[in-house]
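> This is a predicted model, with the sequence first.
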Amino acid sequence: MAMLGKRRPSRAASGKSGLTRKPAAKPASAAEHSGTLVIERLAHDGRGVSHDAAGKTVFIDRALPGERAEVAVHINRKRFDEAHVKTLLHRSEQRVEPPCGYFGQCGGCQLQHMNIEAQRAHKLEVLRELFARQGIHLDTIGLLAGSTEHYRRRARLGVKVDGQGSVLLGFRAAHSHRLVDIEQCHVLVTPLQKLLPFLREFITTLEAPKLVGHIELLATDSESMLLVRQLKEHAGDARRWQTFAEQQSISLGAWAGRETTELNWYSAVPALQETLCIEGQAPLVLTFAPGDFLQVNAEVNQLMVARVVEWLSPEPDQHILDLFAGMGNFSLPLAGKGAKVHAVEGSSTMVSRIKTNAARNQVEVNAQQADLSDSDTVKALLKAQTPFDALVLDPPRNGAEIVCQALGRYPVPRLAYVSCDPATLARDAAHLVNAGYRIKQVAVADMFLHTAHMETLMLFEYEG
Ligand SMILES: C[S@@+](CC[C@H](N)C(=O)[O-])C[C@H]1O[C@@H](n2cnc3c(N)ncnc32)[C@H](O)[C@@H]1O
């Protein structure tokens, strides 16, 4: 395994493509053998799919449909093999030089070897396929297109001291706990990207880098913030961190201990804010704290919120239920249109955030803490005395199955579902369709470009 143990990606230094790079780690049982294959299609995670002479499925890292390649199998499994490209014999027109030198090593991005159009088309295809498995055909799928680079405003970076005593800062390699040492990142927003090389250099000057668990970076329009998980306090390094933060003009906070959730601020506590500009209403300023859920891509979030408001086009005094409401990302803009919004959120901290945000922006939102995985709670919410005119659903990755099952019995005329997991979305959509809802609009948003993750928006209407 040529790359094992190397601290830097070869391409950054040599200009080579990340295509033939082998996976980070190989299980002891793996037997490597080679063969020539034609790639048939892409799997959901972006790997190429082919079949060997015996008909066994082979997943090939960073191989594209239509390509012919000599591949080496690095993991044998009972039902499929996992392989990487040794030599590319025929190249797809969709293939591009990955913009990041760490692509193929770092597990953060999976699709940088495809042009942007192909990445978007792949996500649409994943969605269509998952829905087809549920017996649902999707017609036109819209696109909310955002910036193609430097969009990610939040990241968690691992810190490790390797066997040779070198300090590593970066993301995990794909399917591995191995840390890939990076000093640049193609998807991080520019202020965080610019900070990375300094941060990397700085960490090597710490007296006890082993005591750093991980680092979180966050940037808003007005400031950048660095949070350190300090496994054990170290007075000398705390002072070093402070000096570094001052030099870089960033806010600094630290958690002392492995489990602590309370931050010690080593700078003025930053006022973290998100400004949402929705047509026809004054800008809304939402405040939040580190650790709160925050959509990672500010530009695409703005587009997404605007699209949901447009789809639901609330009339003044209509009643809207916003489930999994976070800090009020959808609740406030809907309330800004004059709707009476009832926001439900599992975290009581976020409920108080919604209340504060609504009051500061002078919009009316009634916020409540509730566990939306509990079916009695969900039913009680849906059979409210005043029926809801519309509903927003923006659950975490595991979806909102309990809610969608209950929506058959307690129908709501219009429903906007925002999802970060197309598989649970397809499952939940099947419940809705079986209960009499029709899909009126579908859009995929560029929330996580260059990665295999995707964000989808759907508008359903109840037709009975
Ligand atoms: C994907 S986030 C969406 C937040 C918000 N709608 C936004 O756009 O920023 C999902 C939210 O669901 C909340 N959540 C997770 N599990 C929950 C549950 N069982 N009941 C209620 N809320 C839950 C999380 O706290 C988080 O704020």
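Alright, I've got the coordinates. Numbering: from 1, shown residues only.
> which parts of this structure sit against the ligand?
293, 295, 324-326, 329-330, 345-347, 350, 371-373, 394-396 (C-beta under 6 Å from any ligand atom). Backbone N, C-alpha and C define where each C-beta goes, glycine included.
> Just the buried ones from those?
293, 295, 324-326, 329-330, 345-346, 350, 372, 394-395 (16 or more other C-beta atoms under 10 Å).
> Now for the residues you listed: which two are most distant?
Q295 and L372 (18.7 Å; C-beta to C-beta).
> For the stretch 101-250 of the chain, which segments count as helices?
Listed in chain order, the helices of the stretch 101-250 of the chain (DSSP state H, counting those that start in this stretch) span 116-133, 190-203, 235-248.
> What lies in contact with the last one?
Among residues not part of helix 235-248, those counted as contacts by C-beta atoms under 8 Å, 6 or more residues apart in numbering are 195, 198-199, 202, 205-208, 211, 224, 226, 228, 230, 251-252, 254, 266-267.
> Look up how far A43 lies from L111.
12 Å (C-beta to C-beta, to the nearest Å).
> and what of L217?
Counting by C-beta to C-beta - L217 and A43 are separated by 31 Å.
> From H90, how far off is A69?
Remark: distance between A69 and H90 (C-beta to C-beta) = 8 Å.
> what do you get for A406?
Relative to H90, and taking C-beta to C-beta, A406 is found at 51 Å.
> Please apply the same query to G170.
Counting by C-beta to C-beta, the gap from G170 to H90 is 33 Å.
> Likewise for P191?
Using C-beta to C-beta, we find P191 at a distance of 41 Å from H90.
> Also L457?
On the measure of C-beta to C-beta, L457 and H90 end up 37 Å apart.
> what about these two, which has more around it?
Shown here are L457 and H90; by other C-beta atoms under 10 Å, L457 has more neighbours (22 against 10).
> isn't there a helix covering that one?
No. Secondary structure assignment (DSSP: H, G, I helix; E, B strand; the rest coil) places L457 in strand, not in a helix.
> Which of L111 and A43 has more residues huddled nearby?
L111 (24 against 15).
> so the more buried one touches R120, yeah?
No. Using C-beta atoms under 8 Å, L111 makes no contact with R120, being 9.8 Å away.
> Check the average confidence over stretch 266-281, would you?
Mean pLDDT, stretch 266-281: 91.
> just stretch 48-57 next, same as before
Stretch 48-57 comes out at a mean pLDDT of 95.
> again, but for stretch 315-331
Computed over stretch 315-331, the average pLDDT equals 96.
> quick one: terminal-to-terminal distance for that stretch?
14 Å (C-alpha to C-alpha, to the nearest Å).
> do the same with stretch 208-221
Counting by C-alpha to C-alpha, you get 33 Å between the two ends of stretch 208-221.
> got the contact list for that stretch?
With C-beta under 8 Å, 6+ apart, stretch 208-221 has contacts from 153-159, 161, 167, 169, 188-189, 191-192, 195, 199, 203, 206, 224-232, 234, 236-237, 258, 272-275, 290, 294, 298.
> How about the one residue in the stretch 51-200 of the chain that gets nearest to the ligand, nearest residue that isn't a chain neighbour?
In the stretch 51-200 of the chain, no residue comes nearer to the ligand than R154, which is 12.2 Å away by C-beta to the nearest ligand atom. What sits nearest to R154 in space, not counting adjacent residues and going by C-beta to C-beta, 6 or more residues apart in numbering, is L218, at 4.9 Å.
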